[in-house]
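Participant: My questions are about this predicted structure, shown below with the sequence.
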Amino acid sequence: MLRLSPITAKKLQRFREIKRGYYSLLIVLTLFFFSLLLELCINSKALIVKYDGAYYFPTYSAVRLGSDFGLQGSDANIPVNYRDLKVEFSETQNKNWVILPPIPYNAFENNAFNGILRPRPPSLEAMHLLGTDTTGRDILARLLYGFRTAIMFAVIFTFLVFVFGIVSGCLMGFFGGWTDLAGQRLIEIWSNIPFLFVVLIINSIVPSSLPVSTRIFILMIIMVAFSWMGLTYYMRTGTYREKARDYTAAAKVLGASSVRIIFKHILPNSIATVITFIPFTVVSGITAVTALDFLGFGLPPPTPSMGELLKQGVASLTIAPWIVASAFTSLVITLTLITFIGEAVREAFDPKKFTIYQ
Amino acid sequence: MNQFIRISLPVATAALIYLGTGCSNKSDSDDSDFEPFDNSQDMADHFAEHSDFFHFLSPSDIPPGLEWENGADLQEFSSPEAKKGGIYRGSIQDFPRTLRIIGPDANGSFRPYILDYNLMQYAHRHPNFTEVKEGGFHFFPGVAESWALDYEGKQVFIKINPDARWSDGEPITTEDVSFSFYFYQKEHHKQIWYNDWYAPATNYSHITVYDDYTFAIGLQERRPNMLNLVLELVPLPRHFYKEYGPDYNQRYQWRPVTTSGPYVVRESDIKKGRSITLTRHKEWWAKDMKFWRYRFNYDRMRFEVIRDSAKAFESFLRGDLDAVKLNLPEYWYEKLPNDSPLVTQGYINKYQFHNDKPRPTYGLWINSSKPLLDNNDIRIGINFASNWDLVCEQYFRGDAIRMRTSADGYGPFTHPTLKARPFDTDKALAAFAKAGFSKRGSDGILVNEQGQRLSFNVSTGYESLKDVLTILREEALKAGLEFRVEILESTASWKKAQEKKHEIHFSAFGVSPEMYPRYKETYHSERAYENAWTEDGLPQPDRKLKTQTNNLQLIAYKELDEMIEAYDNSEDVEEMKSLAFKMEEFLDQDASFVPGFILPTMKVGAWRWIGFPDEFSVKISDEVREYRLDWMDEEKKKETLQAMKTGETFEPIIKTVDKYAPKSN
């Protein structure tokens, strides 16, 4: 069992009392965990197929061809369209059936609307709850899969930024002297490199033969490389402060190693300030990846993303307002929720609440 | 919070970059920066040096018995109802980077307005009467008054119209003709294409000047389109280019060109980064000439820079622009549908005009030098797995038709029966299986024995057509083929293809309405590899790719080379046709080009006061504005603006002129 120091427990208690932030956290966590199970809710692959007495669960299995379910002709050799299969099974009088996810579309397929690939307004009948985009792809699917990518991206991004920021800040603060001097100059130079140009340049040389996940990872590395500096300032000052305290000196006298002092003594005492930045870093991660997608330098097409949807929506504002409405609303909601969490965390961790300066 | 600011910065920076470009008002070249220069001596030296190319004779040397013609019996294609006057308001995406018509950056989107659509050639091909006759097509006179083809002697004689004047009033004479060759052959303009095309040994053999108005241009080969090669040239104003020298590109950067055409650019109308206006030359010498009257009707044409096409469209709806292209289905059907109030009330009219001309080659260009793609079966499979039919029907809503070959629209030179392969998953799978790809991986993509996935990179520079690729991608997955879509910035994408680094490239070559397709540039092995063959005619084992050529498929066959050479040297139309068909069949077997789509119409939306001839008939045009047949009715404009206030409406006009609709397959 994790043992919390009384002060941390108090902070968490305080956080829980700030209802707005606390509920926002619950909603975001729910959404996050829900998005991990997205394949079961929004997918063109069936949940369960019963065919000739056997049960199939195609969601997470390898692609199945039409011949597996007795389809004939050219349909036999291509991946099954489960929506068509369901119709076919229900028309024939046998015991075969298909259970589809509630929203039976994936984020990539182009669904013609009256024989034409065009935006379709939200429709309950076709189960396009938020309509489709300009080439007939389901917006809800693209939005939620895009949300998952963005939030995953932002979480990993935040983790990496914190690891780099905290470690380098601590090192500079703890060792001081030349390490500090060199580190600070390096940061000053590094912060003056224009981020967008680097993204443009790297984007143009990354071979597109790499899988999408690798390309997303490269984008993340670039973003992390240009985002860790901000944290170092707080960690550096925090470390300087803690280093001068008596308990650090005591630990030193007792013969503790630098590593031990940094990680056991200084870090736990100075990290509180930077913790409050976590939600805001997540927000900036989402904003950045959305902005880059909007500008066309982000995730490679046809990866679903909120930025890409926003861009499409703006271009077809007059003919398909539901595109921009969905993308904008969901972006605002996501960012607001996370900002609420951030505010609550900041308030709960406010040192003025728990310490008295004399 | 520092974090937050740092990462949100890119957005602001990008906006700044966007606003920042093109706003500079500083003139790059001020005429006072340059020393006066006179190239007369250099020109005389050039003529002397190439005395076998530049001949200067006397009128008595003109061979007798020439059959002079002037196209007078051809039908006019403009409308006598056209009204002169008015200011046309249009938009351009980018401010021109130069006003030169040749040299770096001159090939931009503004070029047509000062060059292609404006400058007069010696004679112009009739846009509708497209039958082929000896020596080429049917022409109507431009700068030339008449011309004569000396078929056997491989030369064309031209008499310049003595009334022809430059926009500054100077007469057009043979001095301008011989100067034009001097201009192109020199390297000061730094565009190698011109040096190559006009070099004494390439296409032209000589120019002979007889007097101030009569000259002849000789050709190297007796090609079936000899007339085109000569009559479609333009003279250049000798007196204007007196200072043409090594610093031409800087010196002439912003000098409005003295022109033989109807529109001139006034120095005061160049608002850098914002707008540029063309003004009709009131005393233009050809204004009453047959084929030229009733055209070029606006007094002024103002082009404002609007970078975003969606924004330009909104400006049009507000009435700030007079007309706008509606070629993409999204605009024609969704943003300005037939039942939109502006259309039903008759304020905005919609037109679509069919054309019939060589088509830009939209399609997938497969690099057959890449691993797996060097396998013919895989290429055939890719052809069957590309669902262009769906793109034509569902994305373009039937407005596009499937391209048949890479040389569609050349009339008798286009293969009469050959068709592109249809989308057929069974045939695609069979072809892939033949190449060893018969098993599907867990994601549905085919894999071979060695575990290679059937996955290729498809790159393009067409941001606006990226949906086409995502549709093709989804469809190809059915056949176990993966297209990895890569949308690049257009220059970067073109560079990639020119360096032959692409696997599959989605692109098109723009083609002018020539008589017959060109094969050498795209299919000859010398455009694919350096030293393609060994002495025994076998492929060199370590041959090096040749970059910066149009052979994007890296096609290299001895057999094809021979056909191309025979075709290029042929002087017989029938032989050329049969060779062209044979080559198309050969290329179809090779399957390294997947024919895409063609758009057979030009669609345009225009406010009610813009008029078009009833039978808007320019068959070989792909731009409504190319022949400048439209006009402005200022009475109607007043009436319409008034009516919009009072709520009065007019008869809606949604018109299709399908006289030149090509028969679909």
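Facilitator: Thanks, I have it.
Participant: what ranges do the strands span in the stretch 251-400 of chain B?
Facilitator: With DSSP state E, counting those that start in this stretch as the definition, the stretch 251-400 of chain B shows strands at residue ranges B:263-271, B:275-280, B:300-305, B:323-325, B:348-354, B:363-366.
Participant: what's the most buried one of those?
Facilitator: Highest mean neighbour count of the strands of the stretch 251-400 of chain B: strand B:363-366, a mean of 26 (counted as mean count of other CB atoms under 10 Å in any protein chain shown). Where C-beta positions appear, they are placed from N, C-alpha and C, glycine not excepted.
Participant: In CSV, list the strands of the stretch 251-400 of chain B along with distance to B:Tyr210 and mean pLDDT.
Facilitator: Formatted as CSV, the strands of the stretch 251-400 of chain B follow (distance: least, CB to CB, whole Å; pLDDT from 0 to 100):
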stretch, distance to B:Tyr210, mean pLDDT
strand B:263-271, 31, 92
strand B:275-280, 34, 94
strand B:300-305, 38, 94
strand B:323-325, 45, 93
strand B:348-354, 42, 93
strand B:363-366, 47, 96
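Participant: pretty sure A:Phe89 contacts A:Lys95?
Facilitator: No - using CB atoms under 8 Å, A:Phe89 makes no contact with A:Lys95, being 9.2 Å away.
Participant: These two - which one has more neighbours?
Facilitator: Higher neighbour count among A:Phe89 and A:Lys95: A:Phe89, with 20 against 9, using other CB atoms under 10 Å in any protein chain shown.
Participant: For the more buried one, which non-adjacent residue is spatially closest?
Facilitator: Nearest residue to A:Phe89, sequence neighbours excluded (CB to CB, 6 or more residues apart in numbering or on different chains): A:Asn96, at 4.5 Å.
Participant: Report the contact partners of that neighbour.
Facilitator: Contact partners of A:Asn96, counting by CB atoms under 8 Å, 6 or more residues apart in numbering or on different chains, are A:Val49, A:Lys50, A:Tyr51, A:Asp52, A:Phe69, A:Phe89.
Participant: ok, now how distant is it from A:Tyr60?
Facilitator: The span separating A:Asn96 from A:Tyr60 equals 21 Å under the rule CB to CB, to the nearest Å.
Participant: In a markdown table: the strands of the stretch 251-400 of chain B, plus distance to B:Phe432.
Facilitator: Formatted as a markdown table, the strands of the stretch 251-400 of chain B follow (distance: least, CB to CB, whole Å):
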| stretch | distance to B:Phe432 |
| --- | --- |
| strand B:263-271 | 56 |
| strand B:275-280 | 53 |
| strand B:300-305 | 49 |
| strand B:323-325 | 40 |
| strand B:348-354 | 38 |
| strand B:363-366 | 14 |
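Participant: Centroid-nearest residue for chain B?
Facilitator: What sits nearest the mean C-alpha location of chain B, by CA atoms, centre = their mean, is B:Gly510, with 4.6 Å.
Participant: Please look at that one and B:Arg359 and confirm they touch.
Facilitator: No - judged on CB under 8 Å, B:Gly510 makes no contact with B:Arg359 at a distance of 9.8 Å.
Participant: quick one, what contacts A:Ile319?
Facilitator: Per CB under 8 Å, 6+ apart, neighbours of A:Ile319: A:Pro119, B:Glu330, B:Glu334, B:Lys335.
Participant: With B:Trp494 instead?
Facilitator: Counted by CB under 8 Å, 6+ apart, B:Trp494 has contacts B:Gly461, B:Ser507.
Participant: Is it in a helix, a strand, or coil?
Facilitator: In three-state terms, and counting by DSSP: H, G, I helix; E, B strand; the rest coil, B:Trp494 is helix.
Participant: what are the ranges of the strands in the stretch 51-200 of chain B?
Facilitator: Per DSSP E, counting those that start in this stretch, the stretch 51-200 of chain B carries strands over the ranges B:54-56, B:68-69, B:87-92, B:123-125, B:139-141, B:144-150, B:155-160.
Participant: Is it possible to get CSV of the ones you listed that adds mean neighbour count and mean pLDDT?
Facilitator: Shown next, in CSV, are these (neighbours: other CB atoms under 10 Å in any protein chain shown; pLDDT from 0 to 100):
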stretch, mean neighbour count, mean pLDDT
strand B:54-56, 17, 94
strand B:68-69, 14, 93
strand B:87-92, 20, 93
strand B:123-125, 24, 93
strand B:139-141, 25, 94
strand B:144-150, 21, 94
strand B:155-160, 24, 95
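Participant: just checking, what packs against the helix or strand encompassing A:Thr281?
Facilitator: For A:Thr281, the host element (DSSP states H and E) is helix A:278-295. Here helix A:278-295 touches helix A:139-175, helix A:212-225, helix A:306-315, helix A:321-348, helix B:2-20, going by 3 or more CB pairs under 8 Å, 6 or more residues apart in numbering or on different chains; DSSP states H and E.
Participant: And for the nearest residue to B:Gln155 once chain neighbours are set aside, the neighbour number?
Facilitator: Using CB to CB, 6+ apart and skipping the chain neighbours, the partner closest in space to B:Gln155 is B:Gly218 (4.1 Å). If you count neighbours by other CB under 10 Å, B:Gly218 ends up with 18.
Participant: That's all I had, so thanks and see you.
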